[in-house]
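A.B. asks: Here you go, sequence then predicted model.
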Amino acid sequence: MNSQNIQYILFYSSTCQHSQEFLKLLKFSRTLDGKFLKINILQTNQKIPNTVTCVPTVFIKPNFIKFDGEGALKWLQQTILKEQASITRGQGQMPQHRNQMQMQQQPQVAQTPEQQEVG
């Protein structure tokens, strides 16, 4: 499935703690944040599908894959982790990991017999 054809719809409530947590977490995603159609179920004149039984609820179109409640939060966390791992792979190894490898590759300095006897 072409990623350009994917659409994300979020049903949330401005008074729901889990919805607010989802929205805060969404800001950590470089690619998803601007791709969501966000629908506050408390606003008047909103058409809410019968399949939305709790918030947050995410639909991913065109296949209408649904994640809701805790499942929506877990899906978003996993998606962000995959996104960050992909970015890290694209930039090579993380600097901290590189430093550890450099330290491991440094030659060990041999101790003289006098240094070995101390201790």
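C.D. replies: Perfect, thanks for sending it. Predicted model, so just to flag it, every value in this text is computed and none were measured.

A.B. asks: Quick check: which element contains the residue nearest the centre of the chain?
C.D. replies: With distances taken as C-alpha atoms, centre = their mean, residue 80 lies nearest the centre of the chain, 1.5 Å away. Taking DSSP states H and E as the criterion, the element that holds residue 80 is helix 70-90.

A.B. asks: how about the strands of the protein, start to end?
C.D. replies: 7-12, 36-40, 57-61, 65-68 (DSSP state E).

A.B. asks: Adding mean pLDDT, distance to residue 20 and mean neighbour count, write these out as JSON lines.
C.D. replies: Where you see a C-beta, it was placed from the backbone N, CA and C, and this is true even at glycine. Formatted as JSON lines, these follow (pLDDT from 0 to 100; distance: least, C-beta to C-beta, whole Å; neighbours: other C-beta atoms under 10 Å):
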{"stretch": "strand 7-12", "mean pLDDT": "96", "distance to residue 20": "8", "mean neighbour count": "19"}
{"stretch": "strand 36-40", "mean pLDDT": "96", "distance to residue 20": "11", "mean neighbour count": "15"}
{"stretch": "strand 57-61", "mean pLDDT": "96", "distance to residue 20": "14", "mean neighbour count": "19"}
{"stretch": "strand 65-68", "mean pLDDT": "97", "distance to residue 20": "16", "mean neighbour count": "16"}
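
A.B. asks: which one of those lies closest to residue 21?
C.D. replies: Residue 21 lies closest, by C-beta to C-beta, to one member of the strands of the chain: strand 7-12, at 10.1 Å.
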